[in-house]
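In: Below: sequence and its predicted model.
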Amino acid sequence: MRIGIAGAGVAGLTVAWLLDGTHESVVLETREDLGGNLRSHRITDDHGITRTVDLGVREVSLEAFELFARLARGLGLTDADWDDRPVTHTVRRAEEKHPLYCGSSTWTAEQGEAARAVDLFTRAAADWAEKDLRWSVPLHDVVEPLPVSTEAKRDFIYALPAALWGCEVTEAAALSARAVGAVFASDAPAGQVPTAQTLRNGMQDVARRLAAGLRTTELRPRAALRRIRRVGERWEMTDCHGLAHHVDAIVLAVPADVVTDALQPLADTEPVRRALSAYHYENLRHGLHLDPCYLPSDRRQWSTTNTVVDGCRAASTIHYRFDDDSDVFVSQLAHREQLPRRLLICTEFRTLLPTPEMFAAQRLLNQVQGRGGLLFAGHIMAGTASQEAAVASAVDVARRLAPGSSRLAALTP
């Protein structure tokens with residue numbers, strides 16, 4: 001068969017990679033670069049040293065992300081390609097000089113209510129997964145009973161997902177507790193700092209390796225999907241240049257509004273389009289800079305993630321510290337009053353809000369998955385915005401279209 005794939009993020013590229021050799025595929029991608037939210041940039045510092053920094057997805061847990069870890073190994077990545085990175089967090093209010101929470105250890109009485117709130121939240125989140133909390137339960141329902149003040153819940157619990165997804169702090173209370181918990185859950189023993197893994201050549205190297213492994217696939221960057229229609233027993237995908245691609249099945253691994261617009265000519269997709277109206281996005285702007293303008297003045301209070309709560313908004317700065325003790329920062333800039341002085345590059349993202357309504361709509365997509373040769377992958381099908389979930393959605397598609405794929409067999413032994 002010939003398969004049409006819209007979207008060259010991790011999900012779309014993994015679908016193409018799994019189908020390659022079994023079917024022919026054509027991949028339509030809006031951007032010039034492949035990888036979706038994998039966006040790695042090489043910078044040269046004042047001493048002439050070149051480094052790779054990620055502005056999008058920065059880290060993974062190779063221990064927790066079993067599918068992704070197997071995919072990485074299948075692409076030729078070894079332990080030597082990864083670095084361990086501590087997972088620590090600093091949270092402060094914009095009007096205060098010093099943070100009220102700093103670190104990753106469990107709460108003690110001396111640390112105050114801020115640390116108690118974070119500790120209760122991250123440990124409760126681990127419990128939600130253990131007890132299989134329904135994805136439809138809003139964060140508000142499980143946070144409000146926690147024995148900390150309203151201010152602590154606002155600034156040190158709701159602010160964390162608000163900073164990650166770019167919504168207002170009050171809006172974070174309406175997100176799916178299970179989805180939020182999947183990101184912030186921690187049951188690390190007292191005094192132990194959790195770690196994640198970063199790719200030395202940047203996370204976008206995963207996308208490049210997936211693309212390099214394609215032999216029966218046509219990649220078409222800067223060719224955004226515009227319209228889908230039926231032509232006899234086949235599908236026709238039209239890109240932004242007006243070029244029509246005739247295929248036997250279609251995989252949509254693009255944002256919900258792109259799917260809705262593309263399906264508009266198909267009357268029988270009205271229930272799908274109605275379900276996708278429950279998907280809502282925030283626009284994020286990330287900047288790579290060299291000055292620590294959003295961090296505490298005392299660098300002993302710096303963490304790998306540093307969040308500032310400013311009224312109804314919260315924004316984070318990621319701190320990269322390299323072996324030669326040089327520092328680089330990646331910050332959310334969409335709602336900052338002042339920009340960094342040494343800003344090197346900016347990039348725009350759209351992030352999907354994981355609301356209970358979105359998960360209800362997702363159930364309908366699962367019910368119609370594959371019907372008539374129309375399939376969905378990527379974040380619109382994923383429970384969480386993780387690389388593991390993206391790969392899992394690609395595996396689901398491959399099982400339907402190419403169950404005998406040797407790559408699929410190796411990825412899912």
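Out: On my side now, so go ahead.
In: Tell me which stretches of the stretch 101-250 of the chain form helices.
Out: Assigned helices in the stretch 101-250 of the chain, in chain order: 112-130, 139-143, 150-153, 159-165, 169-172, 177-184, 204-212 (criterion: DSSP state H, counting those that start in this stretch).
In: So which elements touch the third one?
Out: Contacts defined by 3 or more Cβ pairs under 8 Å, 6 or more residues apart in numbering; DSSP states H and E place helix 150-153 against helix 112-130. From N, CA and C alone the C-beta is placed, and that goes for glycine too.
In: and with 10 Å instead?
Out: If contacts are counted by 3 or more Cβ pairs under 10 Å, 6 or more residues apart in numbering; DSSP states H and E, helix 150-153 sits against helix 112-130, helix 139-143.
In: Can you lay out the helices of the stretch 101-250 of the chain as JSON lines showing mean neighbour count?
Out: JSON lines is the format used below for the helices of the stretch 101-250 of the chain (neighbours: other Cβ atoms under 10 Å):
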{"stretch": "helix 112-130", "mean neighbour count": "19"}
{"stretch": "helix 139-143", "mean neighbour count": "19"}
{"stretch": "helix 150-153", "mean neighbour count": "16"}
{"stretch": "helix 159-165", "mean neighbour count": "24"}
{"stretch": "helix 169-172", "mean neighbour count": "19"}
{"stretch": "helix 177-184", "mean neighbour count": "22"}
{"stretch": "helix 204-212", "mean neighbour count": "20"}
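In: Make JSON lines out of those and add mean pLDDT and distance to residue 274.
Out: Supplementary listing: the helices of the stretch 101-250 of the chain in JSON lines, determined by pLDDT from 0 to 100; distance: least, Cβ to Cβ, whole Å:
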{"stretch": "helix 112-130", "mean pLDDT": "89", "distance to residue 274": "29"}
{"stretch": "helix 139-143", "mean pLDDT": "97", "distance to residue 274": "25"}
{"stretch": "helix 150-153", "mean pLDDT": "94", "distance to residue 274": "34"}
{"stretch": "helix 159-165", "mean pLDDT": "96", "distance to residue 274": "24"}
{"stretch": "helix 169-172", "mean pLDDT": "97", "distance to residue 274": "23"}
{"stretch": "helix 177-184", "mean pLDDT": "93", "distance to residue 274": "22"}
{"stretch": "helix 204-212", "mean pLDDT": "98", "distance to residue 274": "32"}
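In: Quick check: which of those helices is nearest to residue 32?
Out: Each of the helices of the stretch 101-250 of the chain was scored for nearness to residue 32 using Cβ to Cβ, and the closest is helix 204-212 (12.5 Å).
In: how distant is that closest one from the center of its chain?
Out: Here helix 204-212 shows a centroid-to-chain-centroid distance of 17 Å under the convention Cα atoms, centre = their mean, to the nearest Å.
In: who are the neighbours of that helix, in terms of helices and strands?
Out: Of the remaining helices and strands, those touching helix 204-212 by 3+ Cβ pairs under 10 Å, 6+ apart are helix 10-19, strand 40-44, strand 50-54, helix 66-74, strand 217-220, helix 387-401.
In: Tell me which helix or strand residue 27 sits in.
Out: With the criterion set as DSSP states H and E, the secondary-structure element containing residue 27 is strand 24-28.
In: tell me what that strand is packed against?
Out: Helices and strands touching strand 24-28, by 3+ Cβ pairs under 10 Å, 6+ apart, are strand 2-6, helix 10-19, strand 217-220, strand 234-239, strand 244-247, strand 249-252.
In: on that earlier part again, ranking the helices and strands packed on helix 204-212 by burial, who's on top?
Out: helix 10-19 (a mean of 30; mean count of other Cβ atoms under 10 Å).
In: tell me the mean pLDDT over that helix?
Out: For helix 10-19, the per-residue pLDDT values average out at 98.
In: now do stretch 246-259
Out: Stretch 246-259 carries an average pLDDT of 98.
In: just to revisit the earlier point, may I see the helices and strands packed on helix 150-153 arranged in CSV, with distance to residue 330 as well?
Out: Output for those, formatted as CSV (distance: least, Cβ to Cβ, whole Å):
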stretch, distance to residue 330
helix 112-130, 22
helix 139-143, 25
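In: now residue 88, nearest residue through space, not along the chain?
Out: Counting by Cβ to Cβ, 6 or more residues apart in numbering, the nearest residue to residue 88 once its immediate chain neighbours are dropped is residue 303, at 3.8 Å.
In: what separates the one you found from residue 321, distance-wise?
Out: As for residue 303, its distance to residue 321 is 11 Å (criterion: Cβ to Cβ, to the nearest Å).
In: Which one's more surrounded, the two?
Out: Set side by side, residue 303 and residue 321 give different neighbour counts by other Cβ atoms under 10 Å, the larger being at residue 303 (23 against 14).
In: these two touch, right, residue 63 and residue 196?
Out: Yes: counting by Cβ atoms under 10 Å, residue 196 is a contact partner of residue 63 at 9.3 Å.
In: who's residue 195 bridged to?
Out: Note on residue 195: beta-bridge partners by DSSP bridges are residue 86.
In: burial count for it?
Out: By the measure other Cβ under 10 Å, the count of residues near residue 195 is 17.
In: and what of residue 241?
Out: Quick note: residue 241 (other Cβ under 10 Å) scores 10 neighbours.
In: got the contact list for it?
Out: With contacts defined as Cβ atoms under 10 Å, 6 or more residues apart in numbering, the neighbours of residue 241 are 220, 222, 223, 224, 226.
In: domain assignment for this structure?
Out: Here the domain assignment for the chain is 2-41+54-81+202-279+354-411, 84-198+281-352, based on automatic domain parsing.
In: could those domains be laid out in a markdown table, adding distance to residue 47?
Out: A markdown table is the format used below for the domains of the chain (distance: least, Cβ to Cβ, whole Å):
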| stretch | distance to residue 47 |
| --- | --- |
| domain 2-41+54-81+202-279+354-411 | 18 |
| domain 84-198+281-352 | 8 |
